[in-house]
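1. the sequence and its predicted three-dimensional model are supplied below.
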Amino acid sequence: MLYPACLMNLHRLHKLRVIFCSDNRFTSLPEALGACPHLEMVGFKANKIRHVSAAALPKKLRWLILTDNQISELPGELGACTRLQKLMLAGNRCRICQARWQPAPNWNCCVLPRIVLHKYPTGCCHYPVLHG
């Protein structure tokens, strides 16, 4: 998908912390998000996202809301998002592709219906999980 120039230049918004682009026609999570140094909350609910690249995951990511998309696989690099607290994937048929994915210590909400994990992440049973 070709993104508007404003999305390709997101990294220039040095103070950007939150972005919600719900109810659009994105087919992949824009990799430009990963270059935003302070971005913490990302919401792309009800798009047509099929692909999530590791490069699209901001280093300071706390919330990732990707409900009601067409995602079938998430990158194992999601485990590198050590500040992740909320992961919402309802309405997808996801699998988290690397056994190295572990929930962050401050993880407090995860909505994972119909999700397939190749290997259940160690320690997940210690975290509250909401099923939507």
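-> Nice, thanks for sending it over.
2. tell me where the protein has helices.
-> Read by DSSP state H, the chain holds these helices, from start to end of the chain: 5-8.
3. which residues touch stretch 17-26?
-> Under the contact criterion Cβ atoms under 8 Å, 6 or more residues apart in numbering, stretch 17-26 has outside partners 1, 10, 33, 36, 38-49, 65. For glycine as for every other residue, the C-beta is placed from the backbone atoms N, C-alpha and C.
4. just the buried subset of these, written out for ChimeraX, thanks.
-> Below is the selection syntax for ChimeraX that covers the buried ones among the contacts of stretch 17-26, with 16 or more other Cβ atoms under 10 Å defining burial:
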select :10,33,36,39,40,41,42,43,44,45,47,49,65
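5. quick one: the strands in this protein, in order.
-> With DSSP state E as the criterion, the chain has strands at 18-20, 41-43, 63-65, 86-88, 95-96, 109-111, 116-117.
6. separation between the closest residue to Leu10 other than its chain neighbours and His14?
-> Once its chain neighbours are removed from consideration, Leu10 has its nearest residue in Ala32; the separation is 4.6 Å (Cβ to Cβ, 6 or more residues apart in numbering). Ala32 is 14 Å from His14, where distance means Cβ to Cβ, to the nearest Å.
7. enumerate every residue touching the residue lying closest to Ala80 once chain neighbours are set aside.
-> Beyond its immediate neighbours in the sequence, the residue positioned closest to Ala80 (Cβ to Cβ, 6+ apart) is Leu57, lying 7.5 Å away. With contacts defined as Cβ under 8 Å, 6+ apart, Leu57 is in contact with 33-34, 64, 75, 77-78, 80-81.
8. please redo it, this time with the cut-off set to 7 Å
-> Neighbour list for Leu57: 34, 77-78, 81 [criterion: Cβ atoms under 7 Å, 6 or more residues apart in numbering].
9. now swap in Val42 and tell me
-> Contacts were defined as Cβ under 7 Å, 6+ apart; by that measure Val42 touches 19, 33, 58, 61, 63-65.
10. repeat that with 8 Å
-> 19, 29, 33, 58, 61, 63-65.
11. among those residues, find me the one that's closest to Leu87.
-> Distance to Leu87, by Cβ to Cβ, is smallest for Leu64 among the contacts of Val42, at 5.4 Å.
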